[in-house]
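**Q** Give me the fold of what follows.
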Amino acid sequence: MTRKERRNFCDISPATYAISQQKEIARRHLQDALGKEKFAHSYSKEKKANLISAHSSNLIKKGPGVDRTLQENKAVNIRLACEKMNGLVIHPGETFSFWRLVGKTTRSRGYKDGRVIVGGRLQPGIGGGLCNLSNTIHLLVLDSPLTVTEFHHHSDALAPDEGPRVPFSTGTSVSYNNIDYRFRNDTSQDIQLLLWCDEEKLYGELRSDEAFPWTYRLVEEGHHFHKEGEKYYRISRIYRETWDRESQALLEKVLLLDNHSEVMYDPALIPPELIR
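**A** Sure thing, here's the model as predicted:
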């Protein structure tokens with residue numbers, strides 16, 4: 001076997017993958033224990049007066065090639081994780097950590113098999129589907145003055161879009177606990193996170209006591225699909241605009257992602273007019 005053909009230790013077998021994963025989990029625990037970050041951990045049942053941002057998404061994705069059982073299991077997993085975060089208050093200077101709040105997803109805690117990505121492939125896995133929840137939180141944060149401190153991108157094309165395209169509709173990867181989603185409150189106000197579900201949808205809100213002087217908007221440009229070899233990719237550039245609330249002046253436009261995501265569903269379901 002040549003040097004180029006040598007595999008990473010984690011890719012040799014499922015056992016070596018599990019060993020590598022446990023090593024990274026232990027590393028993250030140690031980093032947090034020795035670090036100086038202050039993590040949000042307090043809650044309030046009283047809803048703060050000012051709505052900063054709101055977002056909702058379908059709990060169960062429908063359509064050709066979508067496994068209904070895994071989707072229903074995903075909804076169970078999301079409901080369990082929401083209970084760990086609903087009402088969280090992030091004080092100034094504190095950091096939100098998805099996994100420090102949710103904890104390990106196990107069958108004994110009620111979690112079920114949903115979709116996970118392992119080695120670039122979709123497959124069933126315990127606690128799967130929580131990237132949908134982390135992505136909803138990420139959309140809330142992008143529409144606020146909070147500072148994202150840890151974000152891991154995965155494919156933005158896990159399944160065909162439902163309805164109008166929403167930038168970052170998927171793509172925020174989380175895996176216990178070393179692949180985390182984190183943000184920090186660098187403002188002077190407490191910010192409250194609300195997350196809840198009904199039978200069909202996941203809802204999220206960020207709230208504060210007073211309005212901030214800025215508003216935000218996500219803009220996607222050049223969205224299309226492109227075939228490269230035998231694979232298809234979603235291509236786009238996603239920006240965040242910052243606007244002055246009072247004057248309605250555009251203050252800043254920042255590129256968030258130069259998107260190049262492998263399509264992980266049947267390419268026959270891609271709208272032909274979007275293929276270039």
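
**Q** From now on I want contacts and neighbour counts done on CA atoms only, so please keep to that.
**A** Will do.

**Q** pLDDT on the lengthiest helix in the chain, on average?
**A** Longest helix in the chain by number of residues, with DSSP state H as the criterion: helix 14-34. Helix 14-34 carries an average pLDDT of 76.

**Q** in it, what counts as buried?
**A** Judged by neighbour count using 16 or more other Cα atoms under 10 Å, the buried positions of helix 14-34 are Gln21, Glu24, Ile25, Arg28.

**Q** And for stretch 231-242?
**A** For stretch 231-242, burial by neighbour count (16+ other Cα under 10 Å) applies to Tyr232, Tyr233, Arg234, Ile235, Ser236, Arg237, Ile238, Tyr239, Arg240, Glu241, Thr242.

**Q** Equivalent analysis for stretch 36-50, please.
**A** Under 16+ other Cα under 10 Å, the buried positions of stretch 36-50 are Phe39, Ala40, His41, Lys48.

**Q** Now intersect these with the strands, please.
**A** The strands, defined by DSSP state E, take in Phe39 from those.

**Q** could you dump the buried residues of stretch 36-50 to TSV with pLDDT and distance to Lys61?
**A** Formatted as TSV, those follow (pLDDT from 0 to 100; distance: Cα to Cα, whole Å):
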residue	pLDDT	distance to Lys61
Phe39	96	33
Ala40	97	31
His41	96	32
Lys48	98	31
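
**Q** hmm, back to that, could you work out the most separated pair of the buried residues of helix 14-34?
**A** Spatially, the most separated pair among the buried residues of helix 14-34 is Gln21 and Arg28, at 10.8 Å (Cα to Cα).

**Q** Tell me the one of the buried residues of stretch 231-242 nearest Arg207?
**A** Using Cα to Cα, those come closest to Arg207 at Thr242, 18.2 Å.

**Q** Count the residues that sit near Asn86.
**A** Asn86: 18 surrounding residues under other Cα atoms under 10 Å.

**Q** Which phi and psi values does it adopt?
**A** Main-chain torsions, Asn86, degrees, to the nearest 10: phi -60, psi 130.

**Q** give the contact list for it.
**A** Going by Cα atoms under 8 Å, 6 or more residues apart in numbering, Asn86 touches Tyr43, Leu193, Leu194, Leu195, Trp196.

**Q** How is the protein divided into domains?
**A** Domain ranges of the chain: 1-36, 37-212, per automatic domain parsing.

**Q** Tell me which of these is the most buried.
**A** Comparing those by mean neighbour count (mean count of other Cα atoms under 10 Å), domain 37-212 ranks first with a mean of 18.
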